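Q: I need the structure of the sequence given here:
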Amino acid sequence: MGKRVVAVVGSYRKGGATESAVEAVLEGARARGAETRTFHLREQQIEFCKNCRACTQTPGTERVRCGQQDDLEPMLREIEAADAVVLASPVNYYNVTAIFRRFLERLLGFVYWPWGQNGPAPRTKAQPRKAVLLASSAAPGFLIPLATGAPRALRLAAEMLGAKPVGKLWIGLTAGKPDCKLSERTLRRARRMGAMLA
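A: Numbers count the residues shown, from 1 in each chain. Model prediction:
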């Protein structure tokens, strides 16, 4: 049976640079026999975190489910059943998009943080799945890890989801045209990263 790869995409635009790169990563995984699934966050109903911290109070190594009724829980179940994840967002105002940030903030159930404790602690340090982190920006790609918070946010999401990054793709200069086409070199690199997940 092939590996399962789940992508979480924080782009507002359909068919843009971020989504094209994610699709290339998944193509590479499928070429090696993987099954893939993509969650476009703009299409999911994910409520804002209420900062009630109810999900952080129960001790143990298992994630605690949030009490809000929305699309997050089915997404997390699919990710937890997967062998790998692709976490992707355009860079807006020097960080991931608001919809990706909303998803990230709702991952609080992966930590134990009882009242009186200064900060959260991961429920487990296990990393049973692989991850590819992907961001696109109007700035040159090499500036994404140097001048934005996007890589840190993507790494944190991977950590919460028990995924170890095995590939990072920072795509720059994507704002020149409304229908930015990725270079064949970038697409090949994305496919190679997808093959690493399968």
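Q: Now do the contacts for residue 120.
A: 56, 108, 111-113 (CB atoms under 8 Å, 6 or more residues apart in numbering). Bear in mind the C-beta positions are built from the backbone N, C-alpha and C, glycine included.
Q: Quick one: these as CSV, columns for neighbour count and secondary structure too.
A: Below are the contacts of residue 120 laid out as CSV (neighbours: other CB atoms under 10 Å; DSSP: H, G, I helix; E, B strand; the rest coil):
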residue, neighbour count, secondary structure
56, 20, helix
108, 20, helix
111, 19, strand
112, 19, strand
113, 16, coil
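Q: now, the most widely separated pair of the residues you listed?
A: Maximum pairwise distance in those, criterion CB to CB, is 10.2 Å, between 108 and 112.
Q: Return every residue with contacts to both of those two.
A: 56, 120.
Q: what about the most centrally placed residue in the chain, which helix or strand?
A: Nearest to the geometric centre of the chain sits residue 87, at 2.3 Å (CA atoms, centre = their mean). Here residue 87 sits within strand 84-90, counting by DSSP states H and E.
Q: Just checking: what are the partner strands of that strand?
A: Here strand 84-90 has these sheet partners by DSSP bridges: strand 4-9 (parallel), strand 129-136 (parallel).
Q: List the contacts of the lowest-mean-pLDDT helix or strand in the chain.
A: Least confident element among the helices and strands of the chain, by mean pLDDT, DSSP states H and E: strand 121-122 (a mean of 93). Surrounding strand 121-122, the residues in contact under the criterion CB under 8 Å, 6+ apart are 110-113, 159-160.
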